[in-house]
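Asker: have a look; sequence and predicted model below, questions after that.
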Amino acid sequence: MGLFYTHFFEWWFHHGPMHRRMRLIPEAIKLSHLEHHRVFHGNNYRSDDPEDLKYITGAYYRWPISFLVNYLLFIIIFPMQYGAIFFLGVFLHFTSYEVTHWFSHREADNLFDKTLSHIPIINKLREIQIEHHRIHHEEPRWDFAFNPPYLFDHLFGTFKR
């Protein structure tokens, strides 16, 4: 359930506050993400330039704030006995997102992607993930989810391919 919920939250947060002005959401989130798109676009989708790399992830405090918001939503909706397993799913999804997103914008010959290219099925999923995200950077109105299976891109009509 934590993985499913976080997959939805990732799609919603990217489709919503990161691309649109929304009441009660700091405009700095959208502006930071627009800068990410400005830097990683077209032929510069992948880079090892230190000046570019600082724009891969957002500000250091965004992950803890996001985790706190999700925690507060959880305690409102679910009984606390499910907390540990739910947040294990949340943690695994966001960790997977941060690591794979970082390397999606690094040059293709990075050790992480070279290693994954030798693992059957994972290598294909990784190729799909990188292409899905590249499309989003070319046309930011499509492909808001980063991690497969892109369920909410399919459900809400934002899946490009």
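Answerer: Yep, that arrived.

Asker: okay, CA-based contacts and neighbour counts for the rest of this
Answerer: Fine.

Asker: what's the pLDDT at Trp102?
Answerer: pLDDT for Trp102: 95.

Asker: please report phi then psi for His19.
Answerer: The phi/psi pair for His19 (degrees, to the nearest 10) reads phi -120, psi -10.

Asker: Phe67: neighbour count?
Answerer: By other Cα atoms under 10 Å, 15 other residues sit near Phe67.

Asker: that one: helix or strand, and which one exactly?
Answerer: Using DSSP states H and E, Phe67 sits within helix 62-77.

Asker: could I get the next helix or strand after that helix in PDB with only the CA atoms?
Answerer: The first helix or strand that comes after helix 62-77 along the chain, using DSSP H and E, is helix 83-104. The C-alpha coordinates for helix 83-104 follow below in PDB (Å, rounded to 0.1, in the frame of the first residue of the first chain):
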ATOM      1  CA  GLY A  83       2.600   2.500  10.000                       C
ATOM      2  CA  ALA A  84       5.900   0.600   9.800                       C
ATOM      3  CA  ILE A  85       5.100  -1.500   6.800                       C
ATOM      4  CA  PHE A  86       3.400   1.400   5.000                       C
ATOM      5  CA  PHE A  87       6.400   3.700   5.500                       C
ATOM      6  CA  LEU A  88       8.800   1.000   4.500                       C
ATOM      7  CA  GLY A  89       7.000   1.200   1.100                       C
ATOM      8  CA  VAL A  90       7.100   5.000   1.100                       C
ATOM      9  CA  PHE A  91      10.800   4.900   2.000                       C
ATOM     10  CA  LEU A  92      11.600   2.300  -0.700                       C
ATOM     11  CA  HIS A  93       9.700   4.200  -3.400                       C
ATOM     12  CA  PHE A  94      11.300   7.600  -2.600                       C
ATOM     13  CA  THR A  95      14.800   6.100  -2.300                       C
ATOM     14  CA  SER A  96      14.400   4.400  -5.600                       C
ATOM     15  CA  TYR A  97      13.100   7.600  -7.100                       C
ATOM     16  CA  GLU A  98      16.000   9.700  -5.800                       C
ATOM     17  CA  VAL A  99      18.700   7.300  -6.800                       C
ATOM     18  CA  THR A 100      17.400   6.400 -10.300                       C
ATOM     19  CA  HIS A 101      16.500  10.000 -11.100                       C
ATOM     20  CA  TRP A 102      20.000  11.100 -10.200                       C
ATOM     21  CA  PHE A 103      21.600   8.600 -12.500                       C
ATOM     22  CA  SER A 104      19.000   9.300 -15.300                       C
END
